[in-house]
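**Student:** okay, here's the prediction I keep looking at, along with the sequence it came from:
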Amino acid sequence: MNFLIILISSVVVFFLLHFGKFIFIPLFFSLFFYVILNSISNDLINVSNKISIKINEFSSHFVLFSIFIFLVYFFFKILKSNITDVIQNIELYQNNLNQLLFYFSKTPVNNFFNESTIMENFNLMNFFTYLLNIVTNFAGNFSMIIFLFIFLVIEKKFLKLKITKIIKNKGKLKIFSNINHDIYNYFRIKAFTSFLTGTLTFVILFFFNSDLAIAFGILSFFLNFIPYIGSLISILLPVIFSIVENFNLIYSIIILALLFLSHLFIGNFLENKLMGKALNISPIVLLIFLSIMGKLWGISGMFLSVPIMVVLIIILNNFKQTKNIAILLSEKGNLK
C-alpha cells in the first residue's frame, strides 16, 4: 500500500514539475542561490565580529548579491562576445569542417552514412547561433531568478516563523540546517574545483591560440556542475573545435590529452579528496536522476540534479516511513 502511494505521488510530482517548469526552474535556482549566499553571509558576519567590524545581515546580503550579479553578468557578457566574434569568422571554420567531412566521406565508414545528410547536419552557424541563444535565454530567465531571490530575502524572518509554527517537533527543524550545511559544503568545493577546471581549460586552449579559449573556459566552469556528462562535454567540444579551427590532428590529440588529464586529476582525485563523504549519493542513482532531470528541465535540470538529490535524501532520512528509501539512494547506506 505504501509503495503504491509513493508510486502515485511520484507520477503526480513528475507531471507537476514538467508542466510547471516555467516557474519551478527559476524557483529552485533562486532557492539554491539563497542557501549559498545566506551561508556566505553568515560566515562574513562571523568573521567581521571577530575583527570588531560590525556588519548587519542586510548589508552582507546586499554586498554579496551585488558581487554575484556582477560576476554572472561579466561571465555571460564575455561568453556572448567571444561566441559573436567566432560567428563573424564562421566561413573559415565551415570550410575546414567541409574538408574534414569530405575526407571522412572517402573512408569505409561513409557506407553507413549519407554524405549530403552529414553536410547538412554539421552546420557551424546553426550550432553557434543555438549556443548564443542558450546564453541569451538564460540571461532573460536570470531576471526571474533575481526577482524570486529578493522575495526570499525579504520573507526570511517570516518564513522562519511560519516553519516553526508548522513543524512542532524541534528535532525535525534540524532538517533545514542539515540541508543548508550539505548544499553549502557541496557548492564551495564544487565552485573551487570548477574554477580550477575552467582556468586550466582556458590556459591550455590559449596556449594553442584557440579563438574560443575564454568561452570554453567559462563553459567548463559551469558544465563541471553537471555530474559525469558535464566533464565529457567540456573535453569534447574544445577538441572538436580545435580540429575545425587548426585542421591539425596532432594539436587536437595534445589538447585532448591535456584536458583529459586535468579533468581526471581535478574530478577524480582533488574533488573526491575535498568532498570526502559529504556527497553521500549512489553514482547509479545520481546518473538515473540526472537523466530524469535532463528530460524534465533540460540543461537546467542537470545543473540542479545534485542539490535536489541532496535535499531529497536528507528529508527522506528524517522520517521512519521513508528512511529505507534514503538508505537505498545513498552511496554506502551509512546515513546519520
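**Tutor:** That came in fine, so what should we check first?
**Student:** so what pLDDT did Val306 get?
**Tutor:** At Val306 the predicted local distance difference test score is 90.
**Student:** no wait, Asn2
**Tutor:** Asn2 is given a pLDDT of 59.
**Student:** so Glu270 makes contact with Ser194?
**Tutor:** Not Glu; residue 270 is Leu. No: between Leu270 and Ser194 there is no contact under CB atoms under 8 Å: 11.5 Å. (Glycine included, C-beta is placed from N, CA and C.)
**Student:** more neighbours: the two, which one.
**Tutor:** Ser194 (22 against 16; other CB atoms under 10 Å).
**Student:** contacts only, for the closest residue to that one other than its chain neighbours.
**Tutor:** Excluding its sequence neighbours, the residue lying closest to Ser194 (CB to CB, 6 or more residues apart in numbering) is Asn224, at 3.9 Å. For Asn224, the residues meeting the contact criterion (CB atoms under 8 Å, 6 or more residues apart in numbering) are 190, 193-194, 197-198, 230-231, 234, 267.
**Student:** gap between Glu155 and Ile45?
**Tutor:** Look at Glu155 and Ile45: by CB to CB, to the nearest Å, they are 20 Å apart.
**Student:** which one's more surrounded, these two?
**Tutor:** Shown here are Glu155 and Ile45; by other CB under 10 Å, Ile45 has more neighbours (17 against 11).
**Student:** for the contacts of Asn224, give me TSV that also has pLDDT, distance to His61 and secondary structure.
**Tutor:** As requested, the contacts of Asn224 are arranged in TSV below (pLDDT from 0 to 100; distance: CB to CB, whole Å; DSSP: H, G, I helix; E, B strand; the rest coil):
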residue	pLDDT	distance to His61	secondary structure
Lys190	91	22	helix
Thr193	92	26	helix
Ser194	93	24	helix
Thr197	95	29	helix
Gly198	94	27	helix
Gly230	90	29	helix
Ser231	90	33	helix
Ser234	92	32	helix
Gly267	84	32	helix
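**Student:** chain neighbours aside, what residue packs nearest to Asn75?
**Tutor:** In this structure residue 75 is Phe, not Asn. Ile218 (5.5 Å).
**Student:** close enough to count as contact, that neighbour and Thr201?
**Tutor:** No: under the criterion of CB under 8 Å, Ile218 is not in contact with Thr201, lying 9.0 Å apart.
**Student:** do you know how far Val311 is from Leu274?
**Tutor:** Counting by CB to CB, the separation of Val311 from Leu274 is 21 Å.
**Student:** please apply the same query to Ile255.
**Tutor:** 26 Å.
**Student:** looking at these two, which is more packed in?
**Tutor:** Legend: neighbour count by other CB under 10 Å for Ile255 and Leu274, higher for Ile255 (24 against 15).
**Student:** residue contacts, the more buried one?
**Tutor:** With contact taken as CB under 8 Å, 6+ apart, Ile255 is in contact with 204-205, 208, 238-239, 242.
**Student:** look at it and give its secondary structure.
**Tutor:** helix (DSSP: H, G, I helix; E, B strand; the rest coil).
**Student:** give me the distance between it and Ile235.
**Tutor:** 9 Å.
**Student:** look at Ile218 and Thr201 and report which has more neighbours.
**Tutor:** Just comparing Ile218 and Thr201: by other CB under 10 Å the higher neighbour count belongs to Thr201, 30 against 21.
**Student:** tell me the contacts of that one?
**Tutor:** 216-217, 220, 234, 238, 259, 262.
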